[in-house]
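Undergrad: quick check, what structure comes out for this input:
(2 chains)
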Amino acid sequence: MSEPAAPAPQALPVRLVGTVGAVTLDVMAALGRFGAFLGDAVAHLFIPPFKLRQLLDRIHFIGFRSLTIVILTGAFTGMVLGLQVFLTLSRFGSEAFLGPAVALTLIRELGPVLCALIVTGRAGSALTAEIGIMRISEQIDALTVMALNPTRYLVVPPIVAGLLTFPLMTALFDVVGIFGGYLVSVELLGLSSGTYFGEMQNFVDMTDIMTGFWKALSFGVIVSWVCTYKGFHCGHGAEGVARATTQAVVLSSVLILVWDYFLGSVLP
Amino acid sequence: MIRVEDLHRAFGGQRVLRGLTLQVAPGEIMVVIGRSGGGKSVLLKHLLGLLRPDSGRVVVNGTDITHLRGPALDRIRERYGVVFQGGALFDSMSVFDNVAFPLREKTRLRSREITGRVEEKLDQVGLAGMGHKNPAEISGGMRKRVAIARALVTEPEVVFFDEPTTGLDPILVNTIHHLILGMHRKFRFTAVMVSHEIPEIFGIADRVAMLHDGVIVEQGTPDVIQGSANPIVQQFVRGDVEGALRPA
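TA: Model prediction:
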């Protein structure tokens, strides 16, 4: 019996369309898996049993253990803002607006974004690595074959912890940042304390605080979602975990900035 | 009874299982042997419902689990105990907590009863008094024994062993095999073991199946396998360099 004839080579435009189509399908499938992963986690938020112990552990890991770096970063961000904005405003004789400028910049923008980026680097990367190591050492398979849903143990607690801790850490970042600005502008550059805080009360309202709150809340979901997903779907061996960790940090950071722009343009 | 019928599975064009058929009778120890990378662990993952075949089916006690998901599959898995190749112990927990974990999560036993059962199981695997240690602090052989204790603590009907003695010295290999045999005599579970510890496995297996090129090429009692006329089986059992099997 003769061998079947090899298919004729396709024309370049056909191959090009085929390649674009294959890549598009891959991207859509990946996005689908990414979305389904979050959907599964959200569904398990409402299905008992709830893993309170794991949740407390994740709150401690993501929130409490990030406090030092959040305070440190918040203080220096506020100090830099205080210095730079003072130098700019003093050219126009508008130093009186330094307090509101620092507070609004921190509360609406820099607080949620920088806090989320810092926590991604500290806790998000560790979360991906931890889950990735559990994947390659078959600990996730062990949970599965014990008829225990790994999502309930490994994904839901970090997402809830992200929801709870990111707004609190952002609030702390904002407060420390405002006092950092105070330290530079009042204690070092001679602006009066009343001017710094008095004008702040006139310009910062609840809408600004809520904008920062919604941003922090959504960043908490983004970071924990991306980092757990990447750990869950990491490749083989140490290299697979390392790559997943890098991807988690990069993707989280990019999504934080993109989502920040989107929310900034939608929220009042 | 576990029945595997005409199982096919490929990964990225590489066909690992090519129509594998196998039966495991209740209460027997079935050992699947074959070369490294030959698909033994892939077969095991299909039995556990961790992988889905391209075609064919896996039937456990009359239930086709091939396409089961969620709670229906979990009900089958609740009868399973699994000893993974590397132990798969939770490294954030102590030895005691690892063994207690399935009891705490899957039963309504009181804390005192759980403690009693865990200590009894640790004693049976020769690790009494080691419960406070972390998995990272104990040797490879101890980790395997903790994994066996964890797999058996819920008294499962079927226990799967994925190369439970790989990387251990000959004394530990025999220790683990004796432990499995002793536990099997006591609890009469069905065991499916993937291994290439030859000739040691002939001492514990009720039946042995040789997996080669994605199919079972020979199966039977240890005597049948050792006396097989199949050149592939003979070469594998003797460990000959020359023959139909080439070094991977």
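
Undergrad: ok, A:Leu37 - how many residues close by?
TA: Slight slip there: residue A:37 is Phe, not Leu. 18 (other Cβ atoms under 10 Å in any protein chain shown). Where C-beta positions appear, they are placed from N, C-alpha and C, glycine not excepted.

Undergrad: could you check how far it is from B:Met93?
TA: Counting by Cβ to Cβ, to the nearest Å, the gap from A:Phe37 to B:Met93 is 25 Å.

Undergrad: can you check B:Gly141 too?
TA: Counting by Cβ to Cβ - B:Gly141 and B:Met93 are separated by 19 Å.

Undergrad: kindly report the same for B:Leu152.
TA: With the distance defined as Cβ to Cβ, B:Leu152 ends up 18 Å from B:Met93.

Undergrad: comparing these two, which shows the higher neighbour count?
TA: B:Leu152 (23 against 14).

Undergrad: ok, now which ones touch that one?
TA: Residues counted as contacts of B:Leu152 (Cβ atoms under 8 Å, 6 or more residues apart in numbering or on different chains) are B:Gly81, B:Lys121, B:Val159, B:Met183, B:Phe187, B:Phe189.

Undergrad: in helices, which of these appear?
TA: B:Lys121, B:Met183, B:Phe187 (DSSP state H).

Undergrad: what about the second one, how many residues nearby?
TA: Put plainly, it is B:Met183. B:Met183 has 20 nearby residues by other Cβ under 10 Å.

Undergrad: so where does the residue most central in space within chain A fall, helix or strand?
TA: Among the residues of chain A, A:Val223 comes closest to the average C-alpha position under Cα atoms, centre = their mean, at 3.6 Å. In this structure, A:Val223 is located in helix A:206-232 according to DSSP states H and E.

Undergrad: so which elements touch that helix?
TA: Packing partners of helix A:206-232 (3 or more Cβ pairs under 8 Å, 6 or more residues apart in numbering or on different chains; DSSP states H and E): helix A:12-45, helix A:111-119, helix A:125-136, helix A:156-182, helix A:237-266.

Undergrad: pick the most deeply packed of those helices.
TA: helix A:111-119 (a mean of 26; mean count of other Cβ atoms under 10 Å in any protein chain shown).

Undergrad: what lies in contact with it?
TA: Under Cβ under 8 Å, 6+ apart, the answer for helix A:111-119 is A:62, A:66, A:69-70, A:73-74, A:77, A:166, A:169-171, A:173-174, A:177, A:212, A:215-216, A:219-220, A:222-223, A:252-253, A:256-257, A:260.

Undergrad: for chain B, give me its nearest residue in the stretch 151-268 of chain A.
TA: Of all residues in the stretch 151-268 of chain A, A:Tyr153 sits closest to chain B, at 8.9 Å by Cβ to the nearest Cβ.

Undergrad: within range of chain A, give me the residues from chain B.
TA: By Cβ under 8 Å from any Cβ of the partner chain, the residues of chain B that approach chain A are B:45, B:48-50, B:74-75, B:77-78, B:80, B:82, B:84-86, B:88-91, B:101-102, B:105-106.

Undergrad: drop anything exposed from those.
TA: For those, a burial check counting by 16 or more other Cβ atoms under 10 Å in any protein chain shown picks out B:45, B:48-50, B:74, B:77, B:80, B:82, B:84-86, B:88-90, B:101-102.

Undergrad: element containing the residue positioned nearest the centre of chain B?
TA: The centroid of chain B falls nearest to B:Phe161 when counting by Cα atoms, centre = their mean (1.6 Å). B:Phe161 belongs to strand B:158-162 when assigned by DSSP H and E.

Undergrad: what sits up against that strand?
TA: Identification of contacts with strand B:158-162 by Cβ under 8 Å, 6+ apart yields B:2, B:41, B:44, B:47-48, B:60, B:79-85, B:151-152, B:180, B:189-195.

Undergrad: tell me the strands beside that strand, with direction?
TA: strand B:80-83 (parallel), strand B:190-194 (parallel) (DSSP bridges).

Undergrad: run through who's touching whatever helix or strand comes next after the first one.
TA: If I follow you right, that is strand B:80-83. Going down the chain from strand B:80-83, the next helix or strand is helix B:95-106, by DSSP H and E. Contacts with helix B:95-106, where a contact means Cβ under 8 Å, 6+ apart, come from A:146-148, B:78, B:89-90, B:93, B:109, B:114-115, B:117-118, B:121-122, B:127, B:130-135, B:138, B:146, B:149-150, B:153-154.

Undergrad: show me the shaky parts of chain B.
TA: B:246-248 (pLDDT under 70).

Undergrad: ok, which stretches of it are strands?
TA: Secondary structure of chain B, counting by DSSP state E: strands at B:2-11, B:14-24, B:29-34, B:55-60, B:63-64, B:80-83, B:158-162, B:190-194, B:207-212, B:215-220.

Undergrad: what residues sit buried inside the helix holding A:Val223?
TA: A:208, A:211-213, A:215-232.

Undergrad: likewise for stretch B:105-116?
TA: B:Ile114.

Undergrad: just how off-centre is it within its chain?
TA: Computed by Cα atoms, centre = their mean, to the nearest Å, the separation of stretch B:105-116 from the middle of its chain amounts to 25 Å.

Undergrad: next up, the contacts around B:Phe202.
TA: Here B:Phe202 is in contact with B:Val208, B:Pro222, B:Ile225, B:Gln226 (Cβ under 8 Å, 6+ apart).

Undergrad: how close does it get to chain A?
TA: 27 Å (Cβ to the nearest Cβ, to the nearest Å).

Undergrad: using CSV, list the CA coordinates for the worst-scoring helix or strand of chain A on mean pLDDT.
TA: Here the helix or strand of chain A ranked lowest by mean pLDDT, DSSP states H and E is helix A:193-203, holding a mean of 90. Extracted C-alpha coordinates of helix A:193-203, given in CSV (Å, rounded to 0.1, in the frame of the first residue of the first chain):
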residue,chain,number,x,y,z
SER,A,193,1.7,73.4,60.5
GLY,A,194,-1.7,75.1,60.3
THR,A,195,-1.3,75.8,56.6
TYR,A,196,-0.2,72.3,55.9
PHE,A,197,-3.1,70.6,57.6
GLY,A,198,-5.8,73.4,57.4
GLU,A,199,-5.9,73.5,53.7
MET,A,200,-5.9,69.8,53.5
GLN,A,201,-9.2,69.6,55.3
ASN,A,202,-10.6,72.1,52.8
PHE,A,203,-9.6,70.2,49.7
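
Undergrad: ok, and what's touching that helix?
TA: Against helix A:193-203 from outside (Cβ under 8 Å, 6+ apart): A:95-100, A:102-104, A:178, A:181-182, A:185-186.

Undergrad: out of the residues you listed, list just those in strands.
TA: Short answer: those have none in strands (DSSP E).

Undergrad: filter the residues you listed down to the buried ones, PyMOL style.
TA: Filtering those down to the buried ones (16+ other Cβ under 10 Å) takes a single PyMOL command:
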select buried, chain A and resi 95+97+98+99+100+102+103+104+178+181+182+185+186
